[in-house]
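Student: can you look at this prediction? I've put the sequence above it.
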Amino acid sequence: MNGVGKPCAGEPHARFDRGPLGKRTQPAGAAGPRPVRWNTPPRWPGRDLNRRSSLPNQRPTSLPKAPPGIGTSRASKLSGRIDEVTFPQRISYITLGVRDMPTLRAFYAELGWQERPGSSDDFATYEAGGVLLALHPLGQLGQEAAPGEPMPERSWNGITIGVNVESTEAVDEAFRSALAAGARTVAGPVKREWGGYSGYFADPEGNRWEIAWAPGS
């Protein structure tokens, strides 16, 4: 084969095409072994977490592949193909739909939480021990996450957010700090049947938080 893709003297005149990964593939019936085709992990499209900011609040455009054997399924009922599809076993961020952004941002500021650079009443994020907590106006979030569905009620939605602390005394202290910042008591700290000690409060929008100490933590 010469440099322009034409066969040299003595070479068969089989045509080679470029496959989806840039590998040369042979037409049906061509001599020689068929090339190996490698499956590539799926790419997860990114989304700007800050909307109006740049790098400090930007979500990565792709996520690394999870370890083998975690979150693996032999998928595709629609196409009939059997492919290995991996979904990362982790949580990167939690978004709360907010009715009153200035009030809720002020509440978390009273708790001592620092917003990431670029946060505003359009979108605010907080570093939370390896996970991002995001605040997003409820109407805008509904357009993305629940198009065509009615706005949720203010009642509890069955979800709680938890924070583990190092002792029962730390539970009481954190709980008092939350109340002083404007939280509402849902259930004061008590010993739990599972051996721990925890209490629940609601932020000004009704989101439920648990402050907990667990044995061995």
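Tutor: Right, received. Where do you want to start? If you're wondering where the values come from, they're calculated on a predicted model, not measured in any experiment.

Student: buried sites along the biggest helix by length in the chain?
Tutor: The residue-count maximum for a helix in the chain (DSSP state H) belongs to helix 168-181. Within helix 168-181, the residues scored as buried using 16 or more other CB atoms under 10 Å are 170-172, 174-175, 178, 181. The way it works is simple: take the backbone N, C-alpha and C, and place the C-beta from them, glycine included.

Student: that helix - what's its average pLDDT?
Tutor: For helix 168-181, the mean pLDDT works out to 98.

Student: break this protein into its domains for me.
Tutor: Domains of the chain are assigned by automatic domain parsing as 90-144, 159-217.

Student: need the residues that contact the host helix or strand of residue 141.
Tutor: With secondary structure defined by DSSP states H and E, residue 141 is part of helix 138-145. For helix 138-145, the external contacting residues (CB atoms under 8 Å, 6 or more residues apart in numbering) are 95, 97-99, 149, 151-152.

Student: most neighbours of all these, which one?
Tutor: Comparing the contacts of helix 138-145 by number of neighbours (other CB atoms under 10 Å), residue 98 comes first, having 25 neighbours.

Student: beta partners for that one?
Tutor: Residue 98 forms beta bridges with residue 137, as assigned by DSSP bridges.

Student: measure it to residue 215 for me?
Tutor: 35 Å (CB to CB, to the nearest Å).

Student: pairing partners for the next helix or strand after the longest helix of the chain, with directions?
Tutor: Note on helix 168-181: by DSSP H and E, the next helix or strand toward the C-terminus is strand 184-191. With DSSP bridges as the test, strand 184-191 is paired with strand 197-202 (antiparallel).
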